[in-house]
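Student: Give the three-dimensional model of this entry:
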Amino acid sequence: MRKKTLLIIVFLLLFTAVAVLGYFAFFGKGGEPGPGIVIDRDIAENPGEYLDKADPENTQTNFKGFPDARIDSKTGMLMKNLSNPEGNAVFFQITIKIGETVLYESDYLPPGYYINTPLLSNVPGPGVYDAVFIYRCYHVETNQELNGANFQCKLTVE
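Tutor: Sure, this is the predicted structure:
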């Protein structure tokens, strides 16, 4: 009986440890920025720990664009992640527009981080739209604006 109780306790401890480790691996460490956090523009003045995934010497910037995306009209969420690939030497500021209408503008996004299903400030009615994703780039050390990129995207609002 004692052996069975000990086995159950060991199993529960292992299960708890795996659950806690899984939580931190998925959601990041409590109180510290992890992937998916939105960073204020002032980050450029004191980037500190956000530069752990940056390479300030990198002269090439990688972008992740996509040809189409979906917006949930009820929640106003873009059903894609906006990311800044690890190893870039720049912060991204991402703006989503349809024509001259701004749907979304991010704060500074450090290399190696992403914004999970961003909430749009302006959601058009249901339909399919030609949108542009505008990526502005700011060097992680000097905050100097560098070349950016624009990506065309078909946005479906459902």
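Student: Which residue ranges make up the domains of the protein?
Tutor: The chain resolves into domains spanning 1-32, 36-157 when parsed by automatic domain parsing.
Student: Pick the most deeply packed of these.
Tutor: Mean neighbour count, computed with mean count of other Cβ atoms under 10 Å, is highest for domain 36-157 among these, reaching a mean of 16. Heads up, the C-betas are built off the backbone N, CA and C, glycines and all.
Student: Show me how far that one is from its chain's centre.
Tutor: Chain-centre distance of domain 36-157: 8 Å, with Cα atoms, centre = their mean, to the nearest Å.
Student: could the domains of the chain go into a markdown table alongside mean pLDDT?
Tutor: Shown next, in a markdown table, are the domains of the chain (pLDDT from 0 to 100):
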| stretch | mean pLDDT |
| --- | --- |
| domain 1-32 | 55 |
| domain 36-157 | 86 |
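Student: Give me the distance between the two termini of stretch 52-68.
Tutor: 31 Å (Cα to Cα, to the nearest Å).
Student: what residues does it touch?
Tutor: 80, 83, 85-90, 110-113, 133, 135, 137, 139-141, 146-147, 149, 151-156 (Cβ atoms under 8 Å, 6 or more residues apart in numbering).
Student: Let's see which of the residues you listed end up in helices.
Tutor: Using DSSP state H, no member of the contacts of stretch 52-68 sits in helices.
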